[in-house]
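**Q** With the sequence up front, the predicted model follows.
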Amino acid sequence: MEQRSALLEISDTIDAKTIVNELAGTVKIAEVLFSCKDSELKEKIEAASLYDGTSNKIIYFVEVINASPSLREHFKRHFKMIGIKALHKSLAPHTIAKTKQGYVDFILLRQGSLYYVAKTLACADPFKFKERDVSRPVIEPKIMSSIRLSRMLVNLAGLLPRATILDPFCGIGTVLQEAMLMGFDVKGVELDESRVKNCIENLKWLKESYQLKESFDVFHGDATRLSEYFAKESIDAIVTEPELGPLLKKRPSEAEAKTTIARLQALYEKFFKEASVVLKPFGRIVIVIPRFRTENFKLFDVDIEKILSEADFKIHNPTKGTAIEMSIPQIYKEEWHRIERQIYIFEKHLRH
């Protein structure tokens, strides 16, 4: 995701640790200590209460966004003035999440003509997701969605608890398990019969381990025939990472990319037509659509416009018109993965 920071005004107190884990895509949540103009920054930092612990030896880090890294010197002088031996050191997010006394993490953000100095309240621990991942009865690293990405996709659906989420390419159930943990009833469809059994086993384990009340229903079926399995307009949202093509160890040739895109195009067109039948009016699809860069770096993409011209959907941006408007699609990249994931949100609309 490309959005690096957002400033929000919140009237109530928040449980930052809980929220940062629920959001999944947010690395840090920090509390703004003060804001000021450029000419006031040095004085404000020197006078601020940046550390309220008891140790006179600490480790700290200042993440600088949209500003000069040299401004970190103001923090160094601050700690020297108050007699604290402070070592400036960057720590990984999962380390910050576990760190308690003796480490302080700051953010210095420039937005327009103002500087904001914030102190980190909570930081995401990606290894928490991994713990839940590997604890399941069945895992398939080569084909399953990551827990972090799955939770992000569910969040983007923007649903109230106890809504029904369908994953028509559910695999072993990663998206479904995250949806259940977030308070949704889930349904899954999977073409591979052995994975249907594995998905059911995983969701039974999840429900027992976390004492969940949410329901699940998973069965063997085809994502291009959804209207045969579900009543018309019975599903609140579809959240899925569908088939993305072959697992690539290197960039494909142009011929390979064209073949893969043509096959996926046909699959997605049939799926969207069926999704428009089973989704409720204004129901949403949150989906990962792949794109491929070939060995000569030429880009091959699914024709979204063609899909939309034949199905009752339009691209939806839940942040449109807000101060933190994001772009759709959002690009989700992993260095080891040769497929670039594009995260789209579509909303069902009624044709006149």
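**A** Thanks, I have it.
**Q** list the contacts for Gly183?
**A** Pro161, Arg162, Glu214 (C-beta atoms under 8 Å, 6 or more residues apart in numbering). Where C-beta positions appear, they are placed from N, C-alpha and C, glycine not excepted.
**Q** Show me this structure divided up by domain.
**A** The domain map for the chain lists 16-124, 131-348, with the assignment taken from automatic domain parsing.
**Q** low-confidence ranges in the protein?
**A** Along the chain, segments meeting pLDDT under 70 span 1-3, 99-102, 143-144, 323, 334-337, 351-352.
**Q** top helix in it by residue count?
**A** Using DSSP state H, we find that the single longest helix of the chain is helix 254-278.
**Q** Who wins on neighbours among the contacts of Gly183?
**A** Glu214 (21 neighbours; other C-beta atoms under 10 Å).
**Q** Would you map the strands across the protein?
**A** Assigned by DSSP state E, the chain shows strands spanning 28-37, 57-65, 85-88, 103-111, 114-123, 164-167, 185-190, 216-220, 235-240, 279-293, 299-301, 313-315, 330-332, 339-348.
**Q** Now do the longest one: which elements does it pack against?
**A** Meaning strand 279-293. Applying 3 or more C-beta pairs under 8 Å, 6 or more residues apart in numbering; DSSP states H and E, we find strand 279-293 packed against helix 147-156, strand 235-240, helix 254-278, strand 299-301, strand 339-348.
**Q** So which of the ones you listed is the most surrounded?
**A** Of all the helices and strands packed on strand 279-293, strand 235-240 has the most neighbours on average by mean count of other C-beta atoms under 10 Å, namely a mean of 25.
**Q** which residues sit against that one?
**A** Residues outside strand 235-240 that contact it (C-beta under 8 Å, 6+ apart) are 153-154, 156-157, 159, 163-170, 175, 179, 187, 275, 278-280, 283-288.
**Q** just to revisit the earlier point, tell me which of the helices and strands packed on strand 279-293 sits nearest to Lys85.
**A** Smallest distance to Lys85 across the helices and strands packed on strand 279-293 (C-beta to C-beta): 36.2 Å, for helix 147-156.
**Q** any idea of the angle that closest one forms with strand 279-293?
**A** With axes from the mean of the first three to the mean of the last three C-alpha atoms, to 10 degrees defining the directions, helix 147-156 sits at 140 degrees from strand 279-293.
**Q** Just want the angle from helix 147-156 to strand 185-190.
**A** In terms of direction (the same axes, to 10 degrees), helix 147-156 departs from strand 185-190 by 120 degrees.
**Q** helices and strands around helix 147-156, which ones?
**A** If you count contacts as 3+ C-beta pairs under 8 Å, 6+ apart, helix 147-156 packs onto helix 16-23, helix 126-135, helix 174-181, strand 235-240, strand 279-293, strand 339-348.
**Q** now do 7 Å
**A** helix 126-135, helix 174-181 (3 or more C-beta pairs under 7 Å, 6 or more residues apart in numbering; DSSP states H and E).
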